[in-house]
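> here you go, sequence then predicted model.
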Amino acid sequence: MEYKFKTSINCGSCVAAVTPFLNKEDRIENWKVDTTNPDKILTVQAENISADEIVATLNKAGYKASEL
């Protein structure tokens, strides 16, 4: 399943900060952040995880996200 989120992840350092949080979540198969998009779109490929759980993971890393 693919999820898309508008985020506050706006630079390479931010991506580096969220990487361990997202990589630690076994249910997330793949993810990427388009920092060139004004809404800083995070695209997540995942199974058996809810959008709310992904948002909570980003919140733990100190970033905000809302599902598109």
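Great, that's in hand.
> any idea which helix or strand comes after the longest helix seen in the chain?
Using DSSP state H, we find that the single longest helix of the chain is helix 12-24. Scanning the chain past helix 12-24 towards its C-terminal end, the next helix or strand to appear is strand 28-34 (assignment: DSSP states H and E).
> direction included, what does the helix or strand following that next one pair up with?
Following strand 28-34 in sequence order, the next helix or strand is strand 41-46 (DSSP H and E). Pairing partners of strand 41-46, with direction, according to DSSP bridges: strand 2-7 (antiparallel), strand 28-34 (antiparallel).
> show the average pLDDT along the first one.
What it means is strand 2-7. Averaging pLDDT along strand 2-7 yields 97.
> can I get that strand as PDB, trimmed to CA atoms?
In PDB, the C-alpha atoms belonging to strand 2-7 read as follows (Å, rounded to 0.1, in the frame of the first residue of the first chain):
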ATOM      1  CA  GLU A   2       1.200   3.500  -0.800                       C
ATOM      2  CA  TYR A   3       0.700   6.500   1.600                       C
ATOM      3  CA  LYS A   4       1.500  10.100   0.800                       C
ATOM      4  CA  PHE A   5       2.000  12.800   3.500                       C
ATOM      5  CA  LYS A   6       2.600  16.500   3.600                       C
ATOM      6  CA  THR A   7       5.500  16.900   6.000                       C
END
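> distance between that strand and the chain's centre?
Taking C-alpha atoms, centre = their mean, to the nearest Å, one finds strand 2-7 lying 7 Å from the centre of the chain it belongs to.
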